[in-house]
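J.: What follows is a protein structure lacking sequence information:
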């Protein structure tokens, strides 16, 4: 989906994402892409199997090539985490290790606390098929795991980094959406709403819509509630005034013509429902 | 990452995921995979470009083939949503339409409310490059958009469905993690903790560790706080008793030998920090 504005490039100071022996170039690329989506920039690779730079990784990164180009390579996990003061190990299953287990959101909160105290942090992600070794988990401070359908728990590297990144972004930026409903016109004042009622109900009084004087009161109340449930703007009311006027005008000016056949959309509705 | 237990297959009643003119078989597959991760099962496809069934889509679905096989095909968006009572359109950018805009979490909450009232709901996802047409957005009730880095806002179909699915799963299941820290042993009682202090401090009194009687009080307090910050279990204390005993025993039994060289891990620490 589109929507990228390169003038708005945002990279927060975030945890290092450490991939331990990633086997597929494509996964390194999708990790870089997921990092860019959520403002993470520091990628560390321990003994990646693909030769880097890799055209496949770059294609999968889908524009996040700077993260790939700046990725640092390490021979051992110990080297890759030596400067970090909080290390989180990602695992999908219980390892029997007496280590606190956090959700993506809890991990984001904890890492943000450490980073704001000036302490570097990182998250270890293991090999595609086998994950992290137990000895690698044992040198981490905490464990990160994902709340997933236990019947289909397989997350690939790019997905796992995406979900952590999402919570990281939500926590550190407040999760503001890129846009909101446009508010081109203020909500109508009650005087404006009442004017529409007067217009509409007056025109309907000229027709057989209100079947009897006894029913009129209830029908008017229903109609007013329909309009007010819209929380209409001034612009909405102008449109509605125009519709009422056009329908009245059309009825007065034109001879009665046979009603058009139902539109295709309504035919479909009938078939499906 | 591993961890799937097929005996635990969980599919909630969830919204239909409606892909409008998806162009790439791989994306249809990654959408099915993301759906399975978070217990969504109803996939609808409007004029997909790939011929289905597709080996590429199945490979990308990574086991979520049942969702692909049960996907329903439609010729028009109107047909695909005709039976739904709440339709959400996913867009990455503002469309200038006076329609409420929700985050993934807000969308999950709203859809869950409707589903629990027995009303079917669905989410439209547009074409890979161009998204949904404005006329397609106009027949939805609400808009879903994702909080992403405005400098790198490109999410592919699989990622977008994954992020919605995550919030759906969090909201509808409470987001329980697949496992927690194993609690094999209860936390130690204070009597057990004090017994360790007595053992350790008694052995240290036999050494030159406490440099002077004046410093002893402060050093003992520091040492006790280190142990208590662990919130030790009974098992932890047994391990620590064993370590103290082994160190004392080793020192008594063996002649003094030259200290071993620093271990590689420590050398690395020195280089990196």
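T.: Nice, thanks for sending it over. This structure is a prediction, so every number in the text was calculated from the model and none was measured.
J.: for chain A, which spans come out with low pLDDT?
T.: A:1-12, A:183-184, A:254-273 (pLDDT under 70).
J.: Okay, helices next: where are they in it?
T.: Secondary structure of chain A (DSSP state H): helices at A:25-37, A:55-61, A:65-69, A:77-81, A:104-116, A:134-138, A:157-173, A:190-205, A:213-229, A:234-253, A:264-272.
J.: and these, which is most packed in?
T.: Stretch with highest mean neighbour count among the helices of chain A: helix A:25-37 (a mean of 26; mean count of other CB atoms under 10 Å in any protein chain shown). Heads up, the C-betas are built off the backbone N, CA and C, glycines and all.
J.: now that helix against helix B:25-37, angle please.
T.: With axes from the mean of the first three to the mean of the last three CA atoms, to 10 degrees defining the directions, helix A:25-37 sits at 70 degrees from helix B:25-37.
J.: Check whether helix A:25-37 comes near chain B.
T.: Yes: Helix A:25-37 lies within reach of chain B by CB under 8 Å from any CB of the partner chain, at A:33-34, A:36-37.
J.: Over to stretch A:43-62?
T.: Yes: counting by CB under 8 Å from any CB, chain B has neighbours in stretch A:43-62: residue A:62.
J.: End to end on that stretch, go ahead and measure it.
T.: End-to-end distance for stretch A:43-62: 16 Å, by CA to CA, to the nearest Å.
J.: Now find how far off-centre that stretch is within its chain.
T.: 26 Å (CA atoms, centre = their mean, to the nearest Å).
J.: residues contacting residue A:85?
T.: A:114, A:119-121 (CB atoms under 8 Å, 6 or more residues apart in numbering or on different chains).
J.: Give me the buried subset of those residues.
T.: Buried members of these, scored by 16 or more other CB atoms under 10 Å in any protein chain shown, are A:114, A:120-121.
J.: wait, which of those is closest to chain B?
T.: residue A:120 (10.2 Å; CB to the nearest CB).
J.: hang on, isn't the closest one packed against residue A:16?
T.: Yes: counting by CB atoms under 8 Å, residue A:16 is a contact partner of residue A:120 at 7.2 Å.
J.: Are there residues contacting both of these two? Which ones?
T.: With CB under 8 Å, 6+ apart as the test, residue A:120 and residue A:16 both reach residue A:84.
J.: Now distance to chain B too, for the buried ones among the contacts of residue A:85, in CSV please.
T.: Converted to CSV, the buried ones among the contacts of residue A:85 look like this (distance: CB to the nearest CB, whole Å):
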residue, distance to chain B
A:114, 16
A:120, 10
A:121, 15
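J.: Return the member of these nearest to residue B:223.
T.: Among these, residue A:114 lies closest to residue B:223 (CB to CB), at 25.0 Å.
J.: so who does that closest one touch?
T.: A:85-86, A:120-121.
J.: again, 6 Å this time
T.: Residue A:114 is in contact with A:86, A:121, counting by CB atoms under 6 Å, 6 or more residues apart in numbering or on different chains.
J.: again, but for residue A:161
T.: By CB under 6 Å, 6+ apart, the residues touching residue A:161 are A:17, A:31, A:34.
J.: Count the residues that sit near the first one.
T.: Other residues within reach of residue A:17 by the criterion other CB atoms under 10 Å in any protein chain shown amount to 27.
J.: and the closest residue to it other than its chain neighbours, how many neighbours does it have?
T.: Closest residue to residue A:17 apart from its sequence neighbours, by CB to CB, 6 or more residues apart in numbering or on different chains: residue A:43 at 5.4 Å. Counted by other CB under 10 Å, the residues lying close to residue A:43 total 21.
J.: Make sure residue A:43 is actually in contact with residue A:68.
T.: No: if you go by CB atoms under 6 Å, residue A:43 and residue A:68 don't touch, sitting 7.1 Å apart.
J.: and residue A:17, what does it touch?
T.: A:35, A:43, A:123, A:161.
J.: Okay, and the beta partners of it?
T.: Taking DSSP bridges, one finds residue A:43, residue A:123 as the beta-bridge partners of residue A:17.
J.: That one and residue A:181, how far apart?
T.: Distance from residue A:17 to residue A:181, counting by CB to CB, to the nearest Å: 35 Å.
J.: Same check on residue A:85?
T.: 43 Å.
J.: same question, residue A:231
T.: From residue A:231 to residue A:181 the distance is 11 Å (CB to CB).
J.: more neighbours, the two?
T.: A count of neighbours by other CB under 10 Å puts residue A:181 above the other of residue A:231 and residue A:181, at 14 against 10.
J.: these two touch, right, the more buried one and residue B:96?
T.: No: at 10.0 Å, residue A:181 and residue B:96 do not qualify as touching, with contact defined as CB under 6 Å.
J.: What about residue A:21, how many residues nearby?
T.: Residue A:21, neighbours per other CB under 10 Å, totals 17.
J.: Repeat that for residue A:13.
T.: Once other CB under 10 Å is used to define contacts, residue A:13 is seen to have 15 neighbours.
J.: what residues are up against it?
T.: Here residue A:13 is in contact with residue A:115 (CB under 6 Å, 6+ apart).
J.: Equivalent analysis for residue A:159, please.
T.: residue B:162.
J.: Equivalent analysis for the one 4 residues further on, please.
T.: Remark: with contacts taken as CB under 6 Å, 6+ apart, residue A:163 is in contact with A:104, A:146, B:166.
J.: out of the residues you listed, who's nearest residue B:227?
T.: residue A:104 (31.6 Å).
J.: Nearest residue to that closest one in space, ignoring adjacent ones along the chain?
T.: Residue A:104 sits nearest to residue A:167 (CB to CB, 6+ apart), 4.1 Å away.
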